[in-house]
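S.K.: Quick one, structure for this:
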Amino acid sequence: MIDMISELQKIRGLRDQYVPATQTCVMDRAIEDLISSEIRESSLKAGDRIPDFILPDSRGNLVNVRALLDNGPVVLSFFRGSWCPYCNIELRALQQASPQIAELGATIVAVSPEYPDMRVTPDDAIPLTFPLLFDFGNKVARLFGIVYEMPEDLLDVYRQRGHDLEIVNGSLGSNTLALPATFVIDQSRTIRLAFVDEDYSRRLAIDDILVALGKRS
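M.R.: Model prediction:
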């Protein structure tokens, strides 16, 4: 199994080494601005109940979170898009941990604002066996309190790097993203564990998910 945290730190180090400082300065300032905005404080937290929602999967089938919760707890992960290397590392880690998560009676669900036909498959991608849902315009992510508007200079940096959000997310999601966030939700729709971070290179450790689902040491 991959060491997700180490892989995330490695990619962040490569970013600092190879991405022009003019671009990383904009990225890092945007993170600082998000911290100052206190967006994390207004997001859903452990003890809160999640809203009901229905989203389409990659085949256009509608998936109801309430129906998933009828079968057991849900691990719900919001990610920025297939263009984000940190998101792909997290998805690979979740896929590799899926047998352990299933043994604990839970289902993994990943949510992205990206149009299905705009997804980029990395060369080292692992086929996902859990639902990948599409939240056009970040409407559901907004209910979780994790959506933010991107400043124009950051949008320009993303365009320079080949990530034009108006193309990959459509006009409804052209200038917003959701913070990377993972929620472990029990069958009463109550959040057992919430992870929300302004820094896109940080993700919830798999061991913390397993513990929240009741794994014994």
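S.K.: Past the helix or strand of the chain with the lowest mean pLDDT, which element shows up next along the chain?
M.R.: Lowest by mean pLDDT, DSSP states H and E among the helices and strands of the chain is helix 165-168, with a mean of 92. Counting by DSSP states H and E, the element after helix 165-168 in chain order, helix or strand, is strand 176-178.
S.K.: what's the model's confidence in that next one, averaged?
M.R.: Across strand 176-178, the average pLDDT comes to 96.
S.K.: Determine the set of other helices and strands touching that strand.
M.R.: strand 147-149 (3 or more CB pairs under 8 Å, 6 or more residues apart in numbering; DSSP states H and E). Where C-beta positions appear, they are placed from N, C-alpha and C, glycine not excepted.
S.K.: residues touching the nearest residue to residue 114 once chain neighbours are set aside, list them.
M.R.: Excluding the flanking residues, the one nearest residue 114 by CB to CB, 6 or more residues apart in numbering is residue 81, at 4.2 Å. When contacts are counted by CB atoms under 8 Å, 6 or more residues apart in numbering, residue 81 touches 87, 112, 113, 114, 119, 163, 168, 169.
S.K.: For those residues, pick the one with the most neighbours.
M.R.: Within those, neighbour counts (other CB atoms under 10 Å) peak at residue 112, which reaches 28 neighbours.
S.K.: biggest helix in this protein, by residue count?
M.R.: Criterion DSSP state H: the longest helix present in the chain is helix 85-103.
S.K.: What residues sit buried inside that one?
M.R.: Buried residues in helix 85-103, counted by 16 or more other CB atoms under 10 Å: 85-95, 97-98, 100-101.
S.K.: Let me see the mean pLDDT of it.
M.R.: What helix 85-103 shows for mean pLDDT is 96.
S.K.: So which residues lie in contact with that helix, not counting its own?
M.R.: 1-2, 4, 7-8, 11-12, 75, 77, 79-82, 107-108, 110, 112, 122, 124-130, 180, 200-201, 203, 206, 209-210, 213, 215.
S.K.: same thing but 6 Å
M.R.: By CB atoms under 6 Å, 6 or more residues apart in numbering, the surrounding residues in contact with helix 85-103 are 1-2, 4, 7-8, 11, 79-80, 108, 122, 126, 128, 200-201, 203, 206.
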